[in-house]
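A.B. asks: Pasted the sequence and its predicted model underneath.
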Amino acid sequence: MAEFFASGRVADLVLAVLVAEAALLFAWHRRSGRGLRPAALAGLVLPGVAFALALRAALTGAGWGLVAAALLAALATHVFDLAVRLRR
């Protein structure tokens, strides 16, 4: 289990689950017209993707700049999503 985390594969698993979740929610919306619109879905999923990339970078020993950039992307996408939601 330690190797699973140290190699960053745990972050790969998180990313795969996020992509699968987004794909299923997108397909459901497209088929039924219900659920989140694609823009709202992106706002929900993108911060998590950025956090998972930051986790992967940190676990695999990437430079602090890459970790910081991924965390900044998570913050930016989260703030953008909040701004869009609060305008409604």
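C.D. replies: Yep, it's here.

A.B. asks: C-alpha only now, for contacts and for neighbours.
C.D. replies: Fine.

A.B. asks: can you pull the contacts of the residue of the chain positioned farthest from its centre?
C.D. replies: In the chain, S32 marks the outermost C-alpha relative to the chain mean, sitting 24.3 Å out by CA atoms, centre = their mean. By CA atoms under 8 Å, 6 or more residues apart in numbering, S32 lies in contact with nothing.

A.B. asks: helices and strands of the protein: which one bottoms out on pLDDT?
C.D. replies: Lowest mean confidence among the helices and strands of the chain (mean pLDDT, DSSP states H and E): helix 2-6, at a mean of 93.

A.B. asks: Mind listing residues that contact that helix?
C.D. replies: With CA under 8 Å, 6+ apart, helix 2-6 has contacts from V10, A11, L59, T60.

A.B. asks: could I have it exported to CSV, CA atoms only?
C.D. replies: The C-alpha trace of helix 2-6 is given here as CSV (Å, rounded to 0.1, in the frame of the first residue of the first chain):
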residue,chain,number,x,y,z
ALA,A,2,2.9,2.4,0.7
GLU,A,3,4.1,2.0,-2.9
PHE,A,4,0.6,2.7,-4.2
PHE,A,5,0.7,6.1,-2.4
ALA,A,6,4.4,6.9,-3.0
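
A.B. asks: After it, heading C-terminal, what element do we hit next?
C.D. replies: helix 9-32 (DSSP states H and E).

A.B. asks: returning to that earlier point: please produce TSV containing the contacts of helix 2-6, extended by distance to L36 and pLDDT.
C.D. replies: Formatted as TSV, the contacts of helix 2-6 follow (distance: CA to CA, whole Å; pLDDT from 0 to 100):
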residue	distance to L36	pLDDT
V10	27	97
A11	25	97
L59	32	95
T60	34	95
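
A.B. asks: Between those, which sits nearest G48?
C.D. replies: A11 (10.7 Å; CA to CA).

A.B. asks: Quickly note the distance from the closest one to L44.
C.D. replies: 18 Å (CA to CA, to the nearest Å).
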